[in-house]
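>>> fold the following, please.
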Amino acid sequence: MTRSREAWLRFLATRVVGMAVDAAVIGFAYLCAFALRFDFQEPTSLGGWATVARSYVVVCAVHLVSLLVFGCYRLAWRRIRGSELPQYIGAMMFACGVLTLMRYFLPNVTLSHIRPPYSITVISFFLGTIGVVGVRVLWRVYWTSRVREDELLERNVKHFDDAVARRFLAGKTVMVTGAGGSIGSEIVRQVAAAGAKRILMVERGENALYEINRRMNDPRCVPLMYDVNDRGKMDALFAAEKPEVVLHAAAYKHVPMVEMNPEEGWRNNTEATKLLAELSAAHGVRRFVLISTDKAVNPLSVMGKTKLAAEQSIMALNNSSTPPLPHSPTHPLPHSPTSFCAVRFGNVFGSSGSVVPLFREQIEKRQPITVTHPDMKRYFMTIEEAVSLVLQAASRDERAIYTLDMGEPVRILDLAEGMIEQAGYRPYVDIPIVFTGVRPGEKLFEELDVSERSCYKTDMAKIYITKGV
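Sure thing, here's the model as predicted:
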């Protein structure tokens, strides 16, 4: 069975359930109307409760047909909005009008089982409308409170004990590059929460730097509009601020864009990392952490190759007995060698430039969802998970490349379908999914292996040390 056919069958099943709930709500409203009209006594003048029960069949049928004609069953309950209320009110008013006309044109009392009294019709209109709209609003409130996009990862989001990272970062001056990006801004937030004395937020994008500075609103956070490739300015910054920890998140990460601009990708991802690492060694930084990627494992893309080269450049500094001193007017004093490490992980769920914001935008505009290949899979973590593990790795002593255990990979097609359904639409029915083909540099599957063949397990959950580097 195709996914499109399955989607239609699920849609029909949910709508049948919805109609059954509406039938129950309308029945309860109709019963309450009689109770109110006859002071909670049996309406003997109309033939008693047996006649009321028979007339309910007609009343229910008229209401359900009205709701169907007005398109109310095309709308998912969990996405009901104020702009859609006129459809429901209009459908209930139309049903009220039909029942009123039936009463007028069928005056014979023997037809009382299909012609409810005018007063009952009016009372049940108000009660039924409140009930039909009310159950949908309540369902939306319930759904909104319990559903999060990160549940689409098909695993439980982990919360880690950050006591070790807090002890390591407390009271220190920490430099965060790429501080305005998705990962960089979360690093800033968690470093501040860990009790850092001063946080140097290095970011060359004005808007991104403005946003993170506005959100933090913390005197410990210093916004610095610097380009990490500017040796002179970065050298002066290291000399003036004397950071003890550098968390290097600044990088180009969009595979197709770096594929089309390889020179800039190499300059920003590789050369800038090497420059910052050399400055860190020269100025006595205690720990340098490179935020790397699973795309550096057997890289196919230019982006992956630039990140692998960046990893190799800092590992070479670990193996050097004398840290290289860049040409600098500051002439730093002798110091203990800086400890360099890199942390590899896969996609960050919801980060800028990833598929999640793209899918979200396409769904909001009711545009077709673009998926490169039906079998493409990626590893995902939430931003909070990834950064928490990065800071734990930073607090360790190994001069190594760490790999984060990200669980099982998620099929991008499943992610797209889940996001459409969470938004209250039907995949392939309300919003189509189209396949655009694998782009240059992309793999169907990333190679983030944490087995004993590739990694050593550490005493920290989800953190492994990569072999052979």
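>>> number of nearby residues for residue 285?
The burial count assigned to residue 285 is 24, neighbours taken as other C-beta atoms under 10 Å. In short, each C-beta sits where N, CA and C put it, glycine included.
>>> from here on, count from 678
In the new numbering, first residue 678, that becomes residue 962.
>>> contacts only, for it.
915, 920, 921, 922, 923, 1015 (C-beta atoms under 8 Å, 6 or more residues apart in numbering).
>>> let me have those residues in TSV, extended by secondary structure and distance to residue 939.
Listed next are the contacts of residue 962 as TSV, based on DSSP: H, G, I helix; E, B strand; the rest coil; distance: C-beta to C-beta, whole Å:
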residue	secondary structure	distance to residue 939
915	helix	29
920	coil	31
921	coil	34
922	strand	31
923	strand	26
1015	coil	29
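>>> now for these, which pair is the farthest apart?
Farthest-apart pair in the contacts of residue 962 is 915 and 922; separation 12.3 Å (C-beta to C-beta).
>>> remind me which residues of the stretch 1028-1146 of the chain are low pLDDT?
Low-confidence segments of the stretch 1028-1146 of the chain (pLDDT under 70): 1030, 1145-1146.
>>> quick one, helices of it?
For the stretch 1028-1146 of the chain, the helices defined by DSSP state H, counting those that start in this stretch cover 1032-1041, 1060-1071, 1089-1099.
>>> what does the longest one rub up against?
Contacts with helix 1060-1071, where a contact means C-beta under 8 Å, 6+ apart, come from 834-837, 839, 841-842, 845-846, 859-860, 863-864, 867-868, 871, 922, 924, 964, 966, 968, 1018, 1020, 1022, 1025-1028, 1058, 1079, 1081, 1137, 1139-1140.
>>> with the shortest one instead?
Contact with helix 1032-1041 is made by 826, 1024, 1026-1028, 1045-1047, 1055, 1089, 1092-1093, 1096-1097, 1100, 1102, 1108, as judged by C-beta under 8 Å, 6+ apart.
>>> quick check: angle from it to helix 1089-1099?
40 degrees (axes from the mean of the first three to the mean of the last three C-alpha atoms, to 10 degrees).
>>> now the longest one
Interaxial angle, helix 1060-1071 versus helix 1089-1099 (the same axes, to 10 degrees): 130 degrees.
>>> let's see which of the contacts of helix 1060-1071 end up in strands.
922, 924, 964, 966, 968, 1018, 1020, 1025-1026, 1058, 1079, 1081, 1140 (DSSP state E).
>>> how is the protein carved up into domains?
Domain ranges of the chain: 680-823, 837-1143, per automatic domain parsing.
>>> determine which stretch of the ones you listed is the most buried.
When these are scored by mean count of other C-beta atoms under 10 Å, the highest mean neighbour count falls to domain 837-1143 (a mean of 19).
>>> just how off-centre is that domain within its chain?
17 Å (C-alpha atoms, centre = their mean, to the nearest Å).
>>> next: stretch 755-769.
Distance, stretch centre to chain centre, for stretch 755-769: 28 Å (C-alpha atoms, centre = their mean).
>>> again with stretch 803-813
32 Å.
>>> please apply the same query to stretch 685-694.
Using C-alpha atoms, centre = their mean, the mean C-alpha position of stretch 685-694 is found 27 Å from that of the whole chain.
>>> what's in contact with it?
Residues contacting stretch 685-694 (C-beta under 8 Å, 6+ apart): 750, 1103, 1105, 1106.
>>> how close does the closest residue to the first one other than its chain neighbours get to residue 749?
Yep, that's residue 750 we're talking about. Nearest residue to residue 750 in three dimensions, chain neighbours excluded: residue 692, at 5.0 Å (C-beta to C-beta, 6 or more residues apart in numbering). Going from residue 692 to residue 749 by C-beta to C-beta, to the nearest Å gives 10 Å.
>>> residue ranges with poor pLDDT in the protein?
The model of the chain has pLDDT under 70 over residues 678-681, 684, 756, 784-790, 821-837, 997-1013, 1030, 1145-1146.
>>> ok, and what's touching stretch 858-868?
839, 842, 846, 851, 853-856, 876, 878, 880, 885, 888-889, 892-893, 898, 924, 926-927, 968, 1025, 1027-1029, 1060-1061, 1063-1065, 1067-1068.
>>> between the contacts of residue 962, which sits nearest residue 723?
The closest of the contacts of residue 962, once distances to residue 723 are taken by C-beta to C-beta, is residue 922, at 81.5 Å.
>>> the closest one touches residue 966, doesn't it?
Yes: counting by C-beta atoms under 8 Å, residue 922 touches residue 966, with 7.4 Å between them.
>>> picking up where we left off before, could you work out the most separated pair of the ones in strands among the contacts of helix 1060-1071?
964 and 1026 (26.6 Å).
>>> can you tell me the closest non-neighbouring residue to residue 753?
That would be residue 1101: by C-beta to C-beta, 6+ apart, it lies 3.5 Å from residue 753.
>>> check the gap between that neighbour and residue 816 for me.
10 Å.
>>> hey, what's in contact with both of those two?
Any residue near both residue 1101 and residue 816 by C-beta under 8 Å, 6+ apart counts here, and that gives 754, 755.
>>> spit out the contact partners of residue 804.
Residue 804 makes contact with 706, 709, 710, according to C-beta under 8 Å, 6+ apart.
>>> tell me the angle the helix or strand where it lies makes with helix 1089-1099.
Element membership of residue 804, judged by DSSP states H and E, is helix 795-823. Angle between the axes of helix 795-823 and helix 1089-1099 is 140 degrees (criterion: the same axes, to 10 degrees).
>>> so how far is helix 795-823 from its chain's centroid?
Here the centre of helix 795-823 is set off from its chain's centre by 31 Å, with C-alpha atoms, centre = their mean.
>>> which residue packs closest to residue 884, ignoring adjacent ones?
Leaving aside its sequence neighbours, residue 884 sits nearest to residue 857 (C-beta to C-beta, 6+ apart; 7.7 Å).
>>> mind listing the helices for the stretch 828-977 of the chain?
Using DSSP H, counting those that start in this stretch, helices in the stretch 828-977 of the chain cover 840-846, 859-870, 883-893, 908-918, 932-937, 939-942, 949-959.
>>> those: which one's closest to residue 697?
Nearest to residue 697, of these and by C-beta to C-beta, is helix 859-870 at 43.6 Å.
>>> tell me what angle the closest one forms with helix 883-893.
Using the same axes, to 10 degrees, helix 859-870 lies at 30 degrees relative to helix 883-893.
>>> with only the CA atoms kept, save helix 859-870 in PDB.
In PDB, the C-alpha atoms belonging to helix 859-870 read as follows (Å, rounded to 0.1, in the frame of the first residue of the first chain):
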ATOM      1  CA  SER A 859      21.700  28.100  16.600                       C
ATOM      2  CA  ILE A 860      24.400  26.100  18.400                       C
ATOM      3  CA  GLY A 861      26.500  29.100  19.400                       C
ATOM      4  CA  SER A 862      23.700  30.900  21.100                       C
ATOM      5  CA  GLU A 863      22.700  27.800  23.100                       C
ATOM      6  CA  ILE A 864      26.400  27.400  24.100                       C
ATOM      7  CA  VAL A 865      26.300  31.000  25.400                       C
ATOM      8  CA  ARG A 866      23.100  30.300  27.300                       C
ATOM      9  CA  GLN A 867      24.400  27.100  29.000                       C
ATOM     10  CA  VAL A 868      27.900  28.600  29.700                       C
ATOM     11  CA  ALA A 869      26.200  31.500  31.400                       C
ATOM     12  CA  ALA A 870      24.000  29.100  33.400                       C
END
